[in-house]
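Colleague: Need a 3D model of the following:
(chains A and B)
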Amino acid sequence: MSRTRRRAFLRAALLAGAVVLGAWLARTGRAHTLFLDNAAVTLGGQEHPAPGAVEVSLDGGKPEVLEQAERAMRQVVGPVHRLAIEVRQGPGGPRRVEREIRLPFGWDAAVVSLPAALAGAPAGAVVTRWQPPPPEDAPAEQMIQQKDADVLPQR
Amino acid sequence: MNRLRRLLAENAVVLLFAALIAAAIPLSGAPPLYLLQEVLTRLGRNAVLVLSLLLPVMAGMGLNFGMVLGAMAGQIGLILVTDWAIVGLPGLTLAAMLATPVAVLLGWLCGAVLNRAKGREMVTGYILGFFVNGLYQLVVLYAMGSLIPMLNPELVLSRGYGVRNVINLTGVRQVLDRLVPARIGGIQLPVFTYALIAAMCLFVVWFRRTKLGQDMRAVGQDRAVADAAGIPVERTRILAIVLSTLLACYGQIVFLQNLGTLNTYNSHEQAGMFSIAALLIGGASVTRASIPNVLVGVVLFHLLFIVSPTAGKNLVGSAQLGEYFRQFVSYGVIAVALVLYAWRKQAGEQQARAALRGPGVGT
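Modeller: Down below sits the predicted model:
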């Protein structure tokens, strides 16, 4: 291999390495907002009621108590997280469920349904994309037509 | 006696500023621990930016006023990672990676222009900074959000395109400074940032010993001789500016991660002026600058920054006077350095002419 070709090959390899590293950094450093939702959910026509108080923790962090129909917000970084839910009281009695949740790169925020996670629902039903509510239509600005004579001082 | 006079003359600026600060500290009434903390924080914040000025001085291109080009590149990297919500060390590294090609391109452009303005590099670099600032504003104010898609609506102006005036860098705020936290006697030390600065200093020391570094020194001493020796003068000068712009780009990223806020349209404007002023206060000149000049300059310049408003307030009852004073100092020291350089150059030329005429002429 000639020196020029070897240099070109090395440069191409360096560039490719930089692109791969950049993609990996973007994936692992992506921040997401998670809404941990303890409200009843209907999956495939079957309703899963929210349990009573649950203790939720993400990635082994400090657990947080969520009452029925409560929602908590958490900031997380990276695509894969470990969700641990501990039910204190409810129809199934006390139990602990751990699940892995995966977040797509393009999602700024996601809703994690705790009843769906407890019911063993597929990942697509447990984690859904959060869409901000559409902004309320502001009333159109009213233009008040005034005659010059009404505004200007009279001579 | 002559030796002492020469030593005093060579370090006149450093001694003058040290005396000014020594007088201002008691007037300011600032506690020593507070001063120490502030100086250590500002050393970590600014040292990389000032270090970026060393290589062009070595290549005989004077103080690189074009370093603001690198600062703009760094800011583009930070705007992009903030828009994509990439946070922490990965976010900061990605910002540096994204900014690198922009900085190299701008550095190459700057070096190519400066090669056409040999002997007037500083003023050309200064004006080039204004020109590229216009391009930067065009990109940030019009292209971002229209041609360049922006994902985060909070960063975009209400009209739908263009970036807001102030960006909160919450995701990368003090990421480097807090990576290896250390606290000694109530003083918080940004250990990792210092390690980075030490690595940059080692890079400069190592670079001076490389073939390219030796070529730069040769070009800096005499372009004609370097050219005759087979050194590609123009290419070497371009590389000096490219490396300086790249270091300035990383320096601006380090600077902004420490502050945690980016003023989109003017964070870069003062980067060049303040860094150059700090280097000159550290005892450097247009033709000679070293790592101790960088460190001493940052400490003295920023110590003056810290104490002058309160000293001004305690002395004449107005903090504004201290603000004016520090502005006056930063621009004044650059003007004095440039005048001294021109004066010494003229004196050297006159001496050379006199030596050519011989001892009998003019008697």
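Colleague: So out of everything in chain A, what residue is nearest chain B?
Modeller: A:Gly29 (2.8 Å; Cβ to the nearest Cβ). From N, CA and C alone the C-beta is placed, and that goes for glycine too.
Colleague: in which helix or strand would I find the residue lying closest to that residue once chain neighbours are set aside?
Modeller: Computed as Cβ to Cβ, 6 or more residues apart in numbering or on different chains, the closest residue to A:Gly29 that is not its neighbour in sequence is B:Pro90, at 2.8 Å. Per DSSP states H and E, B:Pro90 falls inside helix B:88-115.
Colleague: mind listing the strands for chain B?
Modeller: Using DSSP state E, the strands found in chain B span residues B:166-168, B:181-184, B:187-190, B:261-263.
Colleague: could the ones you listed go into CSV alongside mean neighbour count, mean pLDDT and distance to chain A?
Modeller: CSV is the format used below for the strands of chain B (neighbours: other Cβ atoms under 10 Å in any protein chain shown; pLDDT from 0 to 100; distance: least, Cβ to the nearest Cβ, whole Å):
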stretch, mean neighbour count, mean pLDDT, distance to chain A
strand B:166-168, 15, 93, 13
strand B:181-184, 10, 88, 19
strand B:187-190, 17, 91, 20
strand B:261-263, 17, 93, 17
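Colleague: closest to B:Gly129 out of these?
Modeller: Closest to B:Gly129 of those, according to Cβ to Cβ: strand B:261-263, at 16.3 Å.
Colleague: what lines up beside that closest one in the sheet?
Modeller: Take DSSP bridges as the rule and strand B:261-263 pairs in its sheet with strand B:166-168 (antiparallel).
Colleague: tell me how far the partner strand is from the chain's mean position?
Modeller: Centre-to-centre, strand B:166-168 and its host chain are 22 Å apart (Cα atoms, centre = their mean, to the nearest Å).
Colleague: what do you get for stretch A:55-63?
Modeller: What separates the centre of stretch A:55-63 from the centre of its chain is 16 Å, taken as Cα atoms, centre = their mean.
Colleague: residues in contact with it?
Modeller: A:34, A:36, A:38, A:64-66, A:72, A:74, A:76, A:81-86, A:88, A:114 (Cβ atoms under 8 Å, 6 or more residues apart in numbering or on different chains).
Colleague: ditto for stretch A:2-9
Modeller: With Cβ under 8 Å, 6+ apart as the test, stretch A:2-9 has contacts from A:Met1.
Colleague: buried set for that stretch?
Modeller: By 16 or more other Cβ atoms under 10 Å in any protein chain shown, stretch A:2-9 has no buried positions at all.
Colleague: Would you mind extracting the C-alpha trace of stretch B:214-230 into PDB?
Modeller: Output of stretch B:214-230 as PDB, limited to C-alpha atoms (Å, rounded to 0.1, in the frame of the first residue of the first chain):
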ATOM      1  CA  GLN B 214      10.900  24.100  15.800                       C
ATOM      2  CA  ASP B 215       9.700  25.200  12.300                       C
ATOM      3  CA  MET B 216       7.300  27.600  14.000                       C
ATOM      4  CA  ARG B 217      10.100  29.100  16.100                       C
ATOM      5  CA  ALA B 218      12.300  29.400  13.000                       C
ATOM      6  CA  VAL B 219       9.500  31.100  11.100                       C
ATOM      7  CA  GLY B 220       8.900  33.400  14.100                       C
ATOM      8  CA  GLN B 221      12.600  34.400  14.200                       C
ATOM      9  CA  ASP B 222      13.100  35.100  10.500                       C
ATOM     10  CA  ARG B 223      10.700  34.200   7.700                       C
ATOM     11  CA  ALA B 224      13.300  34.700   5.000                       C
ATOM     12  CA  VAL B 225      15.900  32.500   6.700                       C
ATOM     13  CA  ALA B 226      13.200  29.800   7.400                       C
ATOM     14  CA  ASP B 227      12.200  29.900   3.800                       C
ATOM     15  CA  ALA B 228      15.800  29.500   2.600                       C
ATOM     16  CA  ALA B 229      16.100  26.500   5.000                       C
ATOM     17  CA  GLY B 230      13.300  24.800   3.200                       C
END
